[in-house]
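J.: what follows is a protein structure lacking sequence information:
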């Protein structure tokens, strides 16, 4: 009995000594099962080149390319991003590939093997699992929307999102005034506890030139995802307010100062926007290109037929955007050309016209057809959303 007690005491004392020596850290912990190699994508890099550098076998690289081609084309990886190669810590075998495609999705290629079954490879495009926090900001504009965000040390990307919400109501390129106010309720995105970027705008109010605009994010059983005003009317309309979008001309987008955007009615019955050469101009609505190229005093221009009623003209481009040719279908907000001074122009600017039934109309005063409102069957759910965010 004494021998048993002595032996038991010995092992307890030994365990205590080990605990003290190692501080209780790591001695009884299991080792990590995976190791991760991060490869930064440089200009000119290909997936194959980086995979070889990571130590993958040729047949594994071929399997990845073959299995993933219908999910995500790895030829489209972009410089400045990263590829994460995951290996087994036990035998250094390749287990997984991770690539962030955009702000919303990750591409994952991984092995899956059940006991006594052959190795299988699977490719997925999965939503990024952000942690979300609801935030609220409001301000009075003193000089510009960009400078307001800059002075408050707010993420400038949120200013661009805000401009997109009200892109059909407000010409953010030209109409923002000192004294305008806004309030935004939105989500912030975090990963592993670290801030990444602003997320969805849940509700917003913008008062421009004493006109109040409100928008609420909503998706219902019979209502498509989008932003709607307090009465349930879609903020999205057939035409954007301006062919020069804030995200392309704001200091927040280029991180450089820009010349003020000026608009005026030109002698040849259109709207002239003075802007830096090379600024992208977008189609204000979806339609078909019926003219593209040199067009007399318009210089390099594009004309888009939207429907039986409306067409729009964009002139003095320095060049057309890729794919803009007669017969091409364009989407609302798609870049059609780049501001220049071709044709009858004394300096870089965009000439913009809107025609209704063949006659010129002022795009700033024309009644633009609205989008689809919320479905009546979703009315109660929508009113609950509006009630959550009072302005």
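T.: It's in. This structure is a prediction, so every number in the text was calculated from the model and none was measured.
J.: can you list the domains in the protein?
T.: 34-127, 131-237+371-388, 246-361 (automatic domain parsing).
J.: distance between the ends of the shortest one?
T.: Across its full length, domain 34-127 reaches 23 Å end to end, with C-alpha to C-alpha, to the nearest Å as the criterion.
J.: ok now it, how far from the chain's centre?
T.: How far domain 34-127 lies from its chain's middle: 24 Å, per C-alpha atoms, centre = their mean, to the nearest Å.
J.: got it, and stretch 354-366?
T.: Taking C-alpha atoms, centre = their mean, one finds stretch 354-366 lying 32 Å from the centre of the chain it belongs to.
J.: buried ones in it?
T.: 354, 355, 363 (16 or more other C-beta atoms under 10 Å). For the C-beta atoms, the positions are set from N, CA and C on the backbone; glycine is no exception.
J.: what average pLDDT does it get?
T.: Stretch 354-366 carries an average pLDDT of 88.
J.: can you list contacts of that stretch?
T.: 171, 239, 265, 269-271, 284, 309-313, 352-353 (C-beta atoms under 8 Å, 6 or more residues apart in numbering).
J.: now the residues you listed in TSV, with secondary structure and neighbour count?
T.: What follows is these, written out as TSV (DSSP: H, G, I helix; E, B strand; the rest coil; neighbours: other C-beta atoms under 10 Å):
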residue	secondary structure	neighbour count
171	coil	22
239	coil	20
265	strand	11
269	coil	12
270	coil	20
271	strand	20
284	coil	28
309	coil	12
310	strand	22
311	strand	21
312	strand	21
313	strand	18
352	strand	22
353	strand	21
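J.: hang on, the earlier thing: which of the domains of the chain has the lowest mean pLDDT?
T.: The bottom spot among the domains of the chain, by mean pLDDT, belongs to domain 246-361, with a mean of 85.
J.: who are the packing partners of the longest strand that the chain contains?
T.: In the chain, assigned by DSSP state E, the strand with the most residues is strand 194-208. For strand 194-208, the packing partners by 3 or more C-beta pairs under 8 Å, 6 or more residues apart in numbering; DSSP states H and E come out as helix 156-165, strand 181-191, strand 211-218.
J.: buried stuff in the first one?
T.: For helix 156-165, burial by neighbour count (16+ other C-beta under 10 Å) applies to 156, 158, 159, 160, 161, 162, 163, 164, 165.
J.: and what of the shortest one?
T.: For strand 211-218, the buried set under the neighbour-count rule, 16+ other C-beta under 10 Å, comprises 213, 214, 215, 216, 217, 218.
J.: show the contacting residues for the fifth one.
T.: So the one you mean is residue 217. By C-beta under 8 Å, 6+ apart, the contact list for residue 217 reads 200, 201, 202, 203, 225, 226, 227, 385.
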